[in-house]
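[1] pasting the sequence and the predicted coordinates here, then a few questions.
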Amino acid sequence: MSATRKRKPIATGSDWNFSVLERFDAELARLADEYRLDTYPNQIEVITTEQMMDAYASVGMPVGYHHWSFGKQFLAVEQAYKRGQMGLAYELVINSDPCIAYLMEENTLMMQVLVMAHACYGHNSFFKGNYLFRTWTDASSIVDYLVFARQYIAKCEERHGVQAVEQLLDACHALQNYGVDRYKRPSPISAEEEAKRQDERESYLQTQVNLLWRTIPDNAEHGERLPGSLLPEEDDPLGLHSGGRYPSEPQENLLYFIEKNAPLLAPWQREIVRIVRKLAQYFYPQRQTQVMNEGWACFWHYTLMNRLYDDGNVDEGLMLEFLQSHAAVINQPAFDHPHFSGINPYALGFAIFMDIKRICEAPTDEDREWFPDIAGTPWRETLEFAMRNFKDESFIQQFLSPKVMRDHKLFLVVDDDQVETLEVAAIHNEQGYRQVREALATQYALSVREPNIQVVEAAIRGDRSLTLHHVQDSRRPLGRSVYPVIRHLQQLWGFPVHLVSLEEGRVTRRFHWPVEDESPAS
Amino acid sequence: MTYFIDRRPNAKHKSAVNRQRFLERYRKHIKRSVEEAVNRRSITDMERGEKISIPAKDISEPVFQHGPGGARNIVSPGNKEFVAGDKIRRPSGQGGGSGAGEGGASNQGEGVDEFAFTLSREEFLEFVFDGLELPHLQRKPLKSLEEVKMVRAGLSRDGVPSRISITRSMREAYARRIAMRAPIKRALKEAQEALEAEERKDPVLRNPARITELKAEIERLEKRIAGVPFIDTYDLRYHQLSAQPQPSNQAVMFCVMDVSGSMTQNHKDIAKRFFLLLYLFLEKHYKKVELVFVRHHTAAREVSEEEFFYSRETGGTIVSSALNLVNKIIEKRYPVGQWNLYVAQASDGDNWDDDSNICRDLLVKQLMPQLQYYAYVEITPHDHQSLWQEYESVVKEFPERFAMRQIVEAGDIYPVFRELFKRRLSQSQ
């Protein structure tokens, strides 16, 4: 090492310029290659603080359609930043191909190198490798799609007025977490195809809806069929008019259901519902892989920065600065600390990935007992496997080791409003490991974090009302936002909306919009 | 494969549209805050932004979420003394448990009561003057305007030193230096080569005379190169300006105020704020607006802005003295054909009894035919006196161009101001 150590650092001090960044990037790329990190090409954009706040406000979408909520976000970020209540994130990275990462101009040299290692090689390889991203997003077309969405919505604003579009978007945003098929693989989104097929779809969608809401009895002979309309056998594929309830199965994707079935929406409105749904789908994997994604990126920035130092490419000063900010990023305050704000996904993810590496390289007896499959295996392959095939929930269930639980001193508290006190159910000891791990994994399951709400019936033959079920778990009720949300839903649907909370098949509460007299649950 | 892109130069204010959308949506809330601020703030304070708060519940974007209640499991870090089976008293005032690790999803929107942000100065004034318009602003014919704007119009070889274009001058100088030195350098190179060739020869064959000659030649050429001036007057380039007539409206606003003994400090404060609103309003809307300050007790005087607002006088009240002075100033300095004329008057309504009808005659016969608009505010909680009654007859004759309102306390200023200057369009509707 002493031989390589003699090499001069690429740069010292805190100033940077593009040629220095390029040399660091080349070095990082070489190391990433050595570690066999599979990444998209990088597009690194140097931006100002204001641009960073812009990027923040549009949830990191490089091209966004216009909506007041992004303006609100911008004002909030700006306010907090100006008052010094928050620092801006040093980096922002977009799951696209090429992978777009932002560097803020006032970052120091160390920070730029750290961000490049973290975002351009850490997050980037995660986006490319993780199964959720591979399944749910299409990195190569997202920017195109955003451009399409922006143009389409701008066109709608021109044609139908800003206010009409805004109201529609408000309603869609309220439901966007319910705009995802959780179990079906979606078709990839592509701007070109979207634009090409869009007119076609508009008219097609409308014929489908017309079909569903047709009130005139079916004419036995379809003599006057217009060219391009549906074939007779496709006329009623779901058996809608043969009796029985519609939809025949409960639908979890509310926005999809609205898009396809809402009786009163105009074609352009359906298209906007679709846009919001597609973007929700794009962000869906990110909501489920926070711990893994950040942990993976931290693991690699830590590994790569250390390699840069070992190879003599950075000096001690830069390394000390790096270690300080690294320590801040993966800091986990205790639950009773004034700065505590939940579990830090960076800290947890980093700890688990580091621990997997440790288990591979120097397993203890405990590790052999808990992780017989991976103890002593080559760490790089094992890490890659963990990164590719899991989401937070399953990743924690699979890889959270007793050592990490001990290090973080994790403990499980049960909070039951029918019991007077909180109870510590399990702590980081032999008896508690499995229970704590189970509970922490569940805590990251989207199905638990968000209420389970599904469409169960659209009264196509009756008053056209829409009925949804909220399947309650552990008696946890819906928050007070439920009324504004079903009001939005009613706006999209056009007819009354009923939401029924059920716990183990028993009705616990009913919500209606428009509000009607609460009749006693029968 | 990595590409670096420097985005700093482009796409500033990318969120501007979204920001505007937001302000538009919460117009009502923001306007209320702005109106409160106008009433609360001191006059000199009008030139900055304002912090606006909107109740968070009005602004939240609702989504389905868990409410407090039921049973839940919470995993937290940093256990110190707990063991399994410990009972802990519920932290008070937190409804459904600490909510830790839930990402704060359940208590978002409840914890923050106010959404606060800052309007920029421009946005603030935009809201202050929203929907207001200077009445009857006529576009005067372009030819009557003497206003011109100097615009850049390329470069020239003559000009004043302050307008030198350094880059262009240096470029010219550089080009000239290259051009002037090139032939000399060529000759120098030839001479040097010849000298070297001579020196390479066998000492016996050298021609000392030729060497001396060449050395002299080289020295002469080097001197000539050094003699080429670094910069010459010939190189200098100047930015040229040309005058373009500017189409714009010019207006003059007369601020007339009673400073007699009957006007208390409170009255003056209110009047001050009325004029300042006007002043800001004009400055915002029109490029060129001149202000003339006329104050009066028994006699009227044209004064500076400073004196108008901040010096003290006592005495009786003769309003017509001020109107006469305004008329004189118009005749002398502001020909009607070139200027839009406005008068704003503030008074407590006191006047010498037999002066009020003189005022009316002055207005109806002399002033009003020339003026675009006359706004009168009477600052008094009491009953109106003769001046108000006489003015009412002026309103009858010029309902479109003469306006009068009563102000009782500071809080009335802004509404009255708005009423006086609201868009004609909405008034006629």
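    It's in.

[2] need the contact list for residue A:458.
    For residue A:458, the contacting residues are A:246-247, A:261, A:464-467, taking Cβ atoms under 8 Å, 6 or more residues apart in numbering or on different chains as the criterion. Every C-beta, even on glycine, is put in place using the N, C-alpha and C of the backbone.

[3] low-confidence ranges in the chain?
    No chain in the question, so chain A it is. Within chain A, the ranges that satisfy pLDDT under 70 run A:1-7, A:60, A:84-90, A:183-208, A:210-212, A:214-244, A:516-522.

[4] that's the other chain; I wanted chain B
    In chain B, residues with pLDDT under 70: B:11-13, B:38-48, B:92-113, B:129-148, B:245-249, B:282-287, B:310-311, B:422-429.

[5] in it, what residue comes closest to chain A?
    Chain A sits closest to residue B:78 of chain B, with a gap of 2.3 Å, by Cβ to the nearest Cβ.

[6] which non-adjacent residue is nearest that residue?
    Leaving aside its chain neighbours, residue B:78 sits nearest to residue A:334 (2.3 Å; criterion: Cβ to Cβ, 6 or more residues apart in numbering or on different chains).

[7] I'd like to know how many residues surround that neighbour.
    By the criterion of other Cβ atoms under 10 Å in any protein chain shown, residue A:334 has 14 neighbours.

[8] got it, and residue A:430?
    Counted with other Cβ under 10 Å, residue A:430 comes out at 8.

[9] and it, which of the three is it?
    Following DSSP: H, G, I helix; E, B strand; the rest coil, residue A:430 is assigned to coil.

[10] check the gap between it and residue A:406 for me.
    11 Å (Cβ to Cβ, to the nearest Å).

[11] and for residue B:298?
    For residue B:298, the distance to residue A:406 - Cβ to Cβ - is 93 Å.

[12] could you do residue A:94 as well?
    37 Å.

[13] which of those two has more residues huddled nearby?
    Neighbour tally, residue A:94 and residue A:406, criterion other Cβ under 10 Å: the higher count belongs to residue A:94, 24 against 14.

[14] assumed residue A:138 was part of a helix.
    No: using three-state DSSP, the secondary structure at residue A:138 is coil, not a helix.

[15] excluding chain neighbours, what is closest to residue B:206?
    residue B:198 (6.2 Å).

[16] same deal with residue A:472?
    residue A:503 (4.1 Å).

[17] run a quick neighbour tally on the one you found.
    As a measure of burial, residue A:503 has 17 neighbours, counting by other Cβ under 10 Å.

[18] show me what contacts it?
    So residue A:503 contacts A:471-473, A:475 (Cβ under 8 Å, 6+ apart).

[19] now those: which count as buried?
    A:471-473, A:475 (16 or more other Cβ atoms under 10 Å in any protein chain shown).

[20] next step: those restricted to strands.
    residue A:471 (DSSP state E).

[21] care to break chain A down by domain?
    A:2-130+A:289-324, A:330-447, A:449-513 (automatic domain parsing).

[22] just the contacts of residue A:458: which are in strands?
    Using DSSP E, the members of those that fall within strands are A:466-467.

[23] okay if I get the contacts of residue A:458 as a markdown table plus distance to residue A:388 and neighbour count?
    Output for the contacts of residue A:458, formatted as a markdown table (distance: Cβ to Cβ, whole Å; neighbours: other Cβ atoms under 10 Å in any protein chain shown):
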| residue | distance to residue A:388 | neighbour count |
| --- | --- | --- |
| A:246 | 40 | 17 |
| A:247 | 35 | 17 |
| A:261 | 37 | 23 |
| A:464 | 46 | 15 |
| A:465 | 45 | 15 |
| A:466 | 40 | 27 |
| A:467 | 40 | 17 |
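
[24] want to throw the contacts of residue A:458 into a markdown table with distance to residue B:272?
    Formatted as a markdown table, the contacts of residue A:458 follow (distance: Cβ to Cβ, whole Å):
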| residue | distance to residue B:272 |
| --- | --- |
| A:246 | 71 |
| A:247 | 69 |
| A:261 | 64 |
| A:464 | 63 |
| A:465 | 62 |
| A:466 | 61 |
| A:467 | 64 |
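
[25] rewinding a little: okay, and the residue nearest to residue B:78 sits in which element?
    Using DSSP states H and E, residue A:334 sits in no helix or strand.

[26] could you pull up phi and psi at it?
    With angles defined as degrees, to the nearest 10, residue A:334 sits at phi -70, psi 160.

[27] nearest to residue B:4, of the domains of chain A?
    Nearest of the domains of chain A to residue B:4, taken as Cβ to Cβ: domain A:2-130+A:289-324 at 5.1 Å.

[28] how about the closest one and chain B, any contact?
    Yes: using Cβ under 8 Å from any Cβ of the partner chain, domain A:2-130+A:289-324 comes into contact with chain B via A:18, A:21-22, A:25, A:29, A:41-48, A:50-51, A:53-54, A:57-58, A:66-72, A:74-76, A:78-79, A:82, A:98, A:102, A:105, A:120.

[29] of the residues you listed, just the buried ones, PyMOL syntax please.
    Applied in PyMOL, the following selects the buried portion of those according to 16+ other Cβ under 10 Å:
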select buried, chain A and resi 21+25+29+42+43+44+45+46+47+48+50+51+53+54+57+58+66+67+68+69+70+71+72+74+75+76+78+79+98+102+120
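
[30] just the ones of the residues of domain A:2-130+A:289-324 next to chain B in helices?
    A:18, A:21-22, A:25, A:29, A:50-51, A:53-54, A:57, A:68-72, A:74-76, A:78-79, A:82 (DSSP state H).

[31] in stretch A:145-163, what's buried?
    For stretch A:145-163, the neighbour count (16+ other Cβ under 10 Å) marks A:145-146, A:148-150, A:152-153, A:156-157, A:162 as buried.

[32] the residue in chain A that chain B sits nearest to and residue A:154: what is the separation?
    Closest approach between chain A and chain B, counting by Cβ to the nearest Cβ: residue A:334, at 2.3 Å. In this structure, residue A:334 and residue A:154 are 49 Å apart, going by Cβ to Cβ.

[33] and residue A:462, by the same measure?
    39 Å.

[34] then residue B:307?
    Here the criterion is Cβ to Cβ. By it, residue B:307 lies 54 Å from residue A:154.

[35] just residue B:293 next, same as before
    Applying Cβ to Cβ, the value for residue B:293 to residue A:154 is 49 Å.

[36] before we move on, what about residue A:96?
    From residue A:96 across to residue A:154, the span is 21 Å (Cβ to Cβ).

[37] show me where the chain has its strands.
    Went with chain A since none was named. Using DSSP E, strands in chain A cover A:42-47, A:91-94, A:99-104, A:411-416, A:421-426, A:452-458, A:466-471, A:497-503, A:506-513.

[38] chain B, not that one
    Using DSSP E, the strands of chain B run over B:2-6, B:50-55, B:71-76, B:87-89, B:114-119, B:148-156, B:238-245, B:250-258, B:288-296, B:300-303, B:340-347, B:373-379, B:402-407.

[39] residue A:362: which of the ones you listed is closest?
    strand B:71-76 (27.2 Å).

[40] so which elements touch that closest one?
    For strand B:71-76, the packing partners by 3 or more Cβ pairs under 8 Å, 6 or more residues apart in numbering or on different chains; DSSP states H and E come out as strand A:411-416, helix A:433-443.

[41] try it again with 10 Å
    Packing partners of strand B:71-76 (3 or more Cβ pairs under 10 Å, 6 or more residues apart in numbering or on different chains; DSSP states H and E): helix A:402-408, strand A:411-416, strand A:421-426, helix A:433-443.

[42] please work out which of these is packed deepest.
    strand A:411-416 (a mean of 23; mean count of other Cβ atoms under 10 Å in any protein chain shown).

[43] pairing partners for it, with directions?
    strand A:421-426 (antiparallel), strand B:71-76 (antiparallel) (DSSP bridges).
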